[in-house]
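what's the 3D shape of this:
(one chain, ligands or ions: 1)
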Amino acid sequence: MTTPDALPAKFKPYTRQSIATARQWQWMSPDLQEAVQVVSHVLPFRTNEYVMEQLIDWNRIPDDPIYRLTFPHRDMLPAKEYEQLRDLVLYKKDDAAIAKLVHDIRMRMNPHPAGQMTHNVPRVNDAPLKGLQHKYKETVLFFPSAGQTCHAYCTFCFRWPQFVGMDDMKFDARECTELVAYLATHPDVTDVLITGGDPMIMNTRSLTEFIEPLLAPELAHIQNIRIGTKSVAYWPQRYVSDKDSDDLLRLFEKVVRAGKNLAIMGHYNHAVELRSSIAQQAVKRIVGTGATLRMQGPLIRHINEDPHSWAELWTTGVRLGAIPYYMFVERDTGPREYFSLPLARAHEIFQSAYSMVSGLSRTVRGPSMSAFPGKVVIDGVVTINGEKLFALQFLQARNPAWVRRPFFAKYDPDATWLDHLKPAFGRKKFFFEADADSGDADFHVPAGRVTPIVQAPRDRRASDSQPDAA
Ligand code: SF4
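Next comes the predicted model:
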């Protein structure tokens, strides 16, 4: 690892095409190198010099958590698929056959967890608004096209289709005229989440073009502008030493002066991401503008199963002025068999980390599934009338009436997602499924001429938009 004095000042990404030029490439065994070369045909891979130099402990690879979340691994694919792909990539070198196999594998990985393509996209005059999602009544998500990549890709990312050129799976908008027009006719929307990829990949001038229009008097009902980003962890230079980092902070101040809450939704996965002095400086500079910084991230097998890491992350964040916000359950997309943890285990980890921190860090909520009907948190494991159950509730929902209504599912030690759970007390359906089936539920749907909400197929019913993450 380099010393802090040798921090990379200029952003330098590495991808499959260029990773062999990084000095660390030689530190990876031939097996690890092969896995990166083969699996990255299916799952996107991109990192940068700061992550490589400062965050990965190369003495601990392949078990180092940041190595795991940076590089694709052999066991992210079933053995048979890996062998097939390896044969094509390394020996037959048949581009057409590689493309076909890669496409087939990607399509079985649930590239757009339910609802994003069919349920969340607002339509006006029977045309979908490109680059917008409106799932919850008060919040609109906006995907600027220039922010659809990231400072690095996380191997578990549910946004992976965007990074691999699956164009029909992309949400992006080149400018924000339609967003502003849509918001102007939706006075009940209070929050705009600018997301990606990572909008902070944009330079300050481009970001300004998307943010300033949101300060217009006709959008006085927009109270919160959120920006989802991983840059706080993967490229803190964005707030400290990039050539336009001071301009960026001035933009944040302008938003705050306009009377809005600017919330940076910082995606953190591990305590190591907040140990470097530049990462800590970034937090201080962000909150120094009057913006807030909320910390969120998914719980992922191989990466952050240790509750101590979460406790350290939240505690450090709070000391610097950030607000712990969400621990998510890993989504049902991509190589989820590799990353997912049983809900019961996720609850134990959350509970353990929560018990280690003071009240100021207990703003965090979790473990929460961003599922088709809404954000469902696992409150605990209880026994009622001799039946072992998960106690659950919605923190956010398509139907606002569902929020904070407790409900119960049979305890299942292996369940990893909402659609694996069965209702408790002998019921056939959860209350929200019964509501949806009855057809008179008060679902929030994007206004205008919209695609009606219909039930997604059971195996695609589970997850949806997020984190973000970024
Ligand atoms: S969108 Fe977030 S989770 Fe996905 S690759 Fe980018 S930083 Fe990682």
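
what parts of the stretch 51-200 of the chain come near the ligand?
Residues of the stretch 51-200 of the chain lying close to the ligand (C-beta under 6 Å from any ligand atom) are 150, 153-154, 157, 159, 196-198. Every residue, glycine included, has its C-beta placed from N, CA and C.

which parts of the stretch 101-250 of the chain are strands?
Secondary structure of the stretch 101-250 of the chain by DSSP state E, counting those that start in this stretch: the strands cover 123-124, 127-128, 132-133, 139-142, 191-194, 224-229.

in TSV, list these along with mean neighbour count, distance to Val240 and mean pLDDT.
Shown next, in TSV, are the strands of the stretch 101-250 of the chain (neighbours: other C-beta atoms under 10 Å; distance: least, C-beta to C-beta, whole Å; pLDDT from 0 to 100):
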stretch	mean neighbour count	distance to Val240	mean pLDDT
strand 123-124	16	41	69
strand 127-128	14	39	73
strand 132-133	24	31	88
strand 139-142	24	26	93
strand 191-194	22	21	96
strand 224-229	24	14	97
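
report how many residues lie close to Asp246.
When neighbours are defined as other C-beta atoms under 10 Å, Asp246 has 14 of them.

can I get the strands of the stretch 101-250 of the chain in JSON lines with distance to Arg405?
Below are the strands of the stretch 101-250 of the chain laid out as JSON lines (distance: least, C-beta to C-beta, whole Å):
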{"stretch": "strand 123-124", "distance to Arg405": "29"}
{"stretch": "strand 127-128", "distance to Arg405": "31"}
{"stretch": "strand 132-133", "distance to Arg405": "24"}
{"stretch": "strand 139-142", "distance to Arg405": "20"}
{"stretch": "strand 191-194", "distance to Arg405": "22"}
{"stretch": "strand 224-229", "distance to Arg405": "24"}
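
so how far is Gly297 from Arg331?
To Gly297, Arg331 is 12 Å away according to C-beta to C-beta, to the nearest Å.

ignore what I typed, I meant Leu343.
17 Å.

try Ile323
Distance from Ile323 to Gly297, by C-beta to C-beta: 13 Å.

more crowded one of these two?
Using other C-beta under 10 Å, the more surrounded residue of Ile323 and Gly297 is Gly297, with 27 against 19.

you'd agree the more buried one is up against Met265?
No: Gly297 is not in contact with Met265 according to C-beta atoms under 8 Å; the separation is 10.2 Å.

re earlier: sort the residues of the stretch 51-200 of the chain next to the ligand by pLDDT and name the bottom one.
Across those, the smallest pLDDT goes to Arg159, namely 67.

related to what we said a few turns ago, got a markdown table for the residues of the stretch 51-200 of the chain next to the ligand, with neighbour count too?
A markdown table is the format used below for these (neighbours: other C-beta atoms under 10 Å):
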| residue | neighbour count |
| --- | --- |
| Cys150 | 29 |
| Tyr153 | 28 |
| Cys154 | 29 |
| Cys157 | 27 |
| Arg159 | 32 |
| Gly196 | 28 |
| Gly197 | 30 |
| Asp198 | 27 |
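
which two in those are spaced the farthest apart?
Pairwise distances across those (C-beta to C-beta) peak at 12.4 Å, for the pair Cys154 and Gly196.

how close does the residue in the stretch 251-400 of the chain that the ligand sits nearest to sit to Arg398?
In the stretch 251-400 of the chain, the residue that lies nearest the ligand is His267 (5.2 Å; C-beta to the nearest ligand atom). From His267 across to Arg398, the span is 24 Å (C-beta to C-beta).

got it, and Ile194?
As defined by C-beta to C-beta, Ile194 lies at a distance of 22 Å from Arg398.

ditto for Asp94
From Asp94 across to Arg398, the span is 45 Å (C-beta to C-beta).

looking at these two, which is more packed in?
Each of Asp94 and Arg398 has its neighbours counted (other C-beta under 10 Å); Arg398 has more, 25 against 13.

my guess is that one meets Asn120, correct?
No: counting by C-beta under 8 Å, Arg398 stays clear of Asn120, with 9.3 Å between them.

need the residues touching each of those two.
Here Arg398 and Asn120 have Lys135 as joint contacts, going by C-beta atoms under 8 Å, 6 or more residues apart in numbering.

for the stretch 301-450 of the chain, which spans come out with low pLDDT?
For the stretch 301-450 of the chain, the stretches flagged by pLDDT under 70 are 436-450.

doesn't Ala409 lie inside a helix?
No: secondary structure assignment places Ala409 outside any helix; it is strand (DSSP: H, G, I helix; E, B strand; the rest coil).

across the sheet, point out what pairs with it.
Phe390, Pro423 (DSSP bridges).

please report how far it lies from Ile378.
Between Ala409 and Ile378 the computed distance is 9 Å (C-beta to C-beta).

again with Arg404
Separation of Arg404 from Ile378 (C-beta to C-beta) stands at 14 Å.

out of the two, which sits in the more crowded spot?
Legend: neighbour count by other C-beta under 10 Å for Arg404 and Ile378, higher for Ile378 (23 against 11).

quick check, the more buried one in a helix?
No: with three-state DSSP as the criterion, Ile378 is assigned strand and is not in a helix.

excluding chain neighbours, what is closest to it?
His347 (4.7 Å; C-beta to C-beta, 6 or more residues apart in numbering).

so who does the one you found touch?
Going by C-beta under 8 Å, 6+ apart, His347 touches 367, 378, 380-381, 390.

narrow these to those that are buried.
For those, a burial check counting by 16 or more other C-beta atoms under 10 Å picks out 367, 378, 381, 390.

surely the third one is in contact with Leu392?
No: Val381 lies out of contact with Leu392 (C-beta under 8 Å); the separation is 10.6 Å.

how about stretch 338-357: buried residues?
Neighbour counts using 16+ other C-beta under 10 Å place 338-350, 353-354, 357 of stretch 338-357 among the buried residues.
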